[in-house]
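Participant: A structural model of the following input is requested.
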Amino acid sequence: MPEIINNSFQPSFQKAKKSRIFQDVVDQIQEAILSRRLIEGDRLPPERELCETFNISRGTLREALRVLEYKGLLEIKLGTGGGAVIKSAGMEQFTETLALLIRFGKVSVIDIGEFRVGIESQIASLAAEKSSDKDIVFLEKLIKKLKKFKDIGVSAWEDFLETDKKLHVEIARISGNVLYKYVDDVVYDNIKRYFDQYLEITDSSIDAIYNDLEQLVQAIKKKDRHLASKLAKKHVNTFIAVMREKEVIIAE
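Facilitator: Residues are numbered from 1 along each chain as shown. Sure thing, here's the model as predicted:
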């Protein structure tokens, strides 16, 4: 087996099984990465050597490597000194897939709302428990900025909405849960089109959103997990109620 650069462990690749050659190559390399026999920065042996090791054609190998690249497990570098280089696992593929599902309308606005009820209430509860004084100072700055746009009214809606997004994403960061943060980032990056389609933007609706968020920040500041969770759930349920009403009107 050719030496793997910068790696004290050598994955024992075997000839691919004839019944599922392509998938077997993907599985073997993936397992070597997940078990950390291959680590970030390691290079796989040259294509010719891998083809001999797996007993496969170059076309089959390249197809398998493309799948692993799509999964974010390796990067194919071209030119001198290029080849297949192991990457650390990231959330990019997951978040990109979720974003596309939302953008293409594969996830309904009601599905998003119902999902947010659970996740936002839990995020708020954790943020209330884990927030530091520094976190609260930043949240209050965002609330003050939100109030400025609220006082301007409908003409400042885009700025208000962008600050609203930053506030939610920051609360997700404070929660300390990486999955919540990634998911919240994706949701808030891609639901604007639903707001544009379903929400009637008025001074009173902007006031209502602001009041919900101002109360939520105060609950987090007071470390009141129960109240923070309750307020976040109420905020999203208001959104769902509007969406349901609009869907009925559109259907008619």
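
Participant: find me the pLDDT at Ala64, would you?
Facilitator: Per-residue pLDDT puts Ala64 at 91.

Participant: correct me, but it touches Ile29?
Facilitator: Yes: between Ala64 and Ile29 there is a contact under CB atoms under 8 Å: 7.2 Å. Where C-beta positions appear, they are placed from N, C-alpha and C, glycine not excepted.

Participant: can you give me the helices in this structure?
Facilitator: 21-34, 47-54, 58-70, 92-103, 109-130, 133-152, 157-175, 178-190, 192-198, 203-221, 225-251 (DSSP state H).

Participant: quick one: distance of the second one to the chain centre.
Facilitator: When you say that, I think you mean helix 47-54. The chain centre lies 36 Å from the centre of helix 47-54; the measure is CA atoms, centre = their mean, to the nearest Å.

Participant: CA atoms only: put that helix into PDB for me.
Facilitator: Output of helix 47-54 as PDB, limited to C-alpha atoms (Å, rounded to 0.1, in the frame of the first residue of the first chain):
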ATOM      1  CA  GLU A  47      -5.100   7.600  -9.000                       C
ATOM      2  CA  ARG A  48      -3.000   4.800 -10.700                       C
ATOM      3  CA  GLU A  49      -2.100   3.300  -7.300                       C
ATOM      4  CA  LEU A  50      -5.600   3.600  -6.000                       C
ATOM      5  CA  CYS A  51      -7.000   1.900  -9.100                       C
ATOM      6  CA  GLU A  52      -4.500  -1.000  -8.600                       C
ATOM      7  CA  THR A  53      -5.400  -1.300  -4.900                       C
ATOM      8  CA  PHE A  54      -9.100  -1.300  -5.400                       C
END
